[in-house]
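**Q** Next one to model:
(one chain, ligands or ions: 1)
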Amino acid sequence: MKINKDYLNLSENYLFSEIAKRVKAYSEENPEKKIIKLGIGDVTKPIAAPIMEALEKAVSEMGDSKTFRGYAPDLGYSFLRNAIAESDYKARGCDIDPDEIFVSDGAKSDCGNIQEIFDKDNVVAVTDPVYPVYVDSNIMAGRKIIYMPCIKENNFVPELPTEKADIIYLCFPNNPTGTVITKDKLQEFVDYARKNDAVIIYDAAYEAYINDPSIPHSIYECEGAKEVAIELHSFSKNAGFTGLRLGYAVVPKALVREGVSLNHLWARRHSTKYNGAPYIVQRAGEAVYSPEGKLAVKKQVGEYMENAAFIRKSLIDLGYEVYGGENAPYIWLRAPFDMSGWDFFDLLLKRANVVGTPGEGFGKFGAGYFRLTAFGDSENTREAIERIKAL
Ligand SMILES: *Cc1c(COP(=O)(O)O)cnc(C)c1O
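**A** The predicted structure follows:
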C-alpha cells in the first residue's frame, strides 16, 4: 500500500492554529482581559425567523409518516433548484436552467471537489492572496499552481495569467481583500478562457454583500461565460448557514471540453459520491428566497455592512491604508510602519486585545497586510475600534 505522496507537498495549515496558540497564551497570562475576535470568517447572527420557521416545519414533517422524506434527489430538490434559478439568475437577466444547478453542502466542498473532473496535468491559476482551499485541494491532486498577484497597484484584481492556465479560480467579492471586480475586467478573464480553452471557477460566496449596482453578482452576466465558467455559491455568509451547511454549483450545459459536457461529468460525480443535502436544510434554503426570507437576509447583511463601513471609516480617519469593506464583509489594511502582518497581530492582541488575521496567512503578497471582518456584533466592533483608536 502506498499513500498519496502529493499530500506531503501541503504546507502546514498553520494560520488559524498559530492565531489560536498566540491568543491562548495571551489569555492565560492575562485572564482578566476581554478579547474581541474580528479574525475568523464566521458569522455571528442567528438564522432569521422566516428561515427558522421553514426549518422547524420541515423537521416536524420528518417525524410524520405522511410527510417523511428519505434520500433526497442527488442533485437537489426541484423546489430549491427552481428558486435559485429564478432569484439568483433569471431575475438578474442570466439564463440558467434548474438542471444546471447542483445543490451541495457548501462552497468549500464544491471548490475542493470540482477539480476531480479535470485531468491532473492542467495548470491551475489562483490569486495571491488566496482562499487556501483552492491551493491545497489542487496540491492534493498533484497539479501545478501558478499565482496571479493581487496588490494595491492593480487594486487587488489580478492581471491575466502570463503563463497559459487551464483552470482559473476567481473569488469576488474577495476573501481576504474585500475587493471587487468590474464587469469589464471579469469579461477579460472570460475572453481569456474562451481563447485558451480554460475553465474559470468563480466563487461568489460573498455576492450578497455587493452594494454598487455596477458590480457583477454572477460571472454569467459576462458575454459567453456559460461556455467557460462554473460558479459556486454558499448560503453561509448571506443567511448564516455556516453550521447548517448548504451551497450550490452551477455547471452550464454549454460548458463542453473535448466533446464532453462538464454538466454531465459533474452530475455523475455528484450522484456517485454524494447523497444530497438534508431535506430540512434545503427547505430552509428555499425560505431564503421567499419574500420574508429575502428581507430578513438583506437586513442581516446590511447590519454586517454597517460594521464594515464603521471599521473602514474609522481606520481611514486614523490614517490607516484601508481597502475593501464596501462590497464585502472584509477590511484589508496595511500594517502601519512597515510592520509585518504578524507583528501587527501581536501589537493588536497585546495592546488592544483585538484579534484579526495576518495577511501572510493568505500568501506571499498578503505580507504586511491584515484582515478584519465585519461579522462581529456591532457593540464589540465599536469597542474594538475604540481600543485601536487608543493605541
Ligand atoms: C466562507 C467561504 C466559502 C465557504 O463556504 P461554505 O459554503 O460554508 O463551505 C467559500 N469560499 C470562500 C471564499 C469563503 O470565504
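
**Q** near the ligand, which residues of this structure?
**A** 41, 106-108, 131, 171, 175, 203, 205, 234, 236-237, 242, 247 (CB under 6 Å from any ligand atom). From N, CA and C alone the C-beta is placed, and that goes for glycine too.

**Q** Give the burial count for residue 46, as a bare number.
**A** 10 (other CB atoms under 10 Å).

**Q** In which helix or strand does it reside?
**A** Of the helices and strands defined by DSSP states H and E, none includes residue 46.

**Q** From the residues of the chain next to the ligand, keep the buried residues only.
**A** 41, 106-108, 131, 171, 175, 203, 205, 234, 236-237, 242, 247 (16 or more other CB atoms under 10 Å).

**Q** of all the residues of the chain next to the ligand, which two lie farthest apart?
**A** 171 and 242 (16.8 Å; CB to CB).

**Q** Please identify the buried residues of stretch 254-267?
**A** Those buried within stretch 254-267 under the rule 16+ other CB under 10 Å are 255, 257, 262-263, 265-267.

**Q** Buried residues in the longest helix anywhere in the chain, which are they?
**A** As assigned by DSSP state H, the longest helix anywhere in the chain is helix 291-317. Residues 293, 296-297, 300-301, 304-305, 307-308, 310-312, 314-315 are the ones in helix 291-317 that count as buried (16+ other CB under 10 Å).

**Q** Check which helices and strands it is in contact with.
**A** Applying 3 or more CB pairs under 8 Å, 6 or more residues apart in numbering; DSSP states H and E, we find helix 291-317 packed against helix 49-62, helix 236-239, helix 279-288, strand 322-324, strand 330-334, helix 378-389.

**Q** In TSV, list those along with distance to residue 156 and mean pLDDT.
**A** As requested, the helices and strands packed on helix 291-317 are exported to TSV (distance: least, CB to CB, whole Å; pLDDT from 0 to 100):
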stretch	distance to residue 156	mean pLDDT
helix 49-62	33	98
helix 236-239	19	98
helix 279-288	29	98
strand 322-324	6	98
strand 330-334	7	98
helix 378-389	22	96
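
**Q** Mind checking the ones you listed for the one nearest to residue 348?
**A** helix 378-389 (7.1 Å).

**Q** tell me what that closest one is packed against?
**A** Using 3+ CB pairs under 8 Å, 6+ apart: helix 378-389 touches strand 36-37, helix 291-317, strand 354-355.

**Q** Also compute the angle for it relative to helix 291-317, please.
**A** Helix 378-389 and helix 291-317 are oriented at 10 degrees to each other (axes from the mean of the first three to the mean of the last three CA atoms, to 10 degrees).

**Q** which outside residues touch helix 378-389?
**A** The contact list for helix 378-389 (CB atoms under 8 Å, 6 or more residues apart in numbering) reads 36, 38, 303, 306-307, 310-311, 314-315, 318, 348, 352-354, 374, 376.

**Q** How far does the longest helix of the chain sit from its chain's centre?
**A** Per CA atoms, centre = their mean, to the nearest Å, the displacement of helix 291-317 from the mean C-alpha position of its chain is 17 Å.

**Q** What is the burial count for whichever residue of the stretch 251-391 of the chain sits closest to the ligand?
**A** Residue of the stretch 251-391 of the chain nearest the ligand, by CB to the nearest ligand atom: residue 330 (8.7 Å). Using other CB under 10 Å, residue 330 has 25 other residues around it.

**Q** Spell out the secondary structure type for residue 156.
**A** coil (DSSP: H, G, I helix; E, B strand; the rest coil).

**Q** ok, now residue 200?
**A** Criterion first, three-state DSSP; result for residue 200: strand.

**Q** So it is in contact with residue 171, correct?
**A** No: between residue 200 and residue 171 there is no contact under CB atoms under 8 Å: 11.0 Å.

**Q** Widest-spaced pair of the buried residues of stretch 254-267?
**A** Most distant of the buried residues of stretch 254-267, by CB to CB, are 257 and 267, 15.1 Å apart.

**Q** check contacts around the most centrally placed residue in the chain.
**A** With distances taken as CA atoms, centre = their mean, residue 205 lies nearest the centre of the chain, 3.9 Å away. Shown in contact with residue 205 (CB under 8 Å, 6+ apart): 107, 171, 175, 232-234, 236-237.

**Q** Roughly how far does the nearest residue to residue 96 once chain neighbours are set aside sit from residue 211?
**A** Distance criterion CB to CB, 6 or more residues apart in numbering; nearest residue to residue 96, sequence neighbours excluded, is residue 89 at 3.9 Å. According to CB to CB, to the nearest Å, residue 89 stands 20 Å off from residue 211.

**Q** The two - which one has more neighbours?
**A** Counted by other CB under 10 Å, residue 89 and residue 211 do not tie: residue 89 has more neighbours, with 22 against 15.

**Q** Against residue 321, how distant is the more buried one?
**A** 37 Å.

**Q** Verify the assumption that the residue nearest to residue 96 is located in a strand.
**A** No: if the criterion is three-state DSSP, then residue 89 is helix and not within a strand.

**Q** right, and it touches residue 83 too?
**A** No: judged on CB under 8 Å, residue 89 makes no contact with residue 83 at a distance of 10.7 Å.

**Q** Need the residues touching each of those two.
**A** In contact with both residue 89 and residue 83: no residue, using CB under 8 Å, 6+ apart.

**Q** what domains does the record give for this structure?
**A** Under the assignment automatic domain parsing, the domains of the chain span 5-47+292-389, 50-290.

**Q** Is the closest residue to residue 159 other than its chain neighbours in a helix, a strand, or coil?
**A** Closest residue to residue 159 apart from its sequence neighbours, by CB to CB, 6+ apart: residue 148 at 6.5 Å. The three-state assignment at residue 148 reads strand, by three-state DSSP.

**Q** I'm done for today, thanks for sticking with me.
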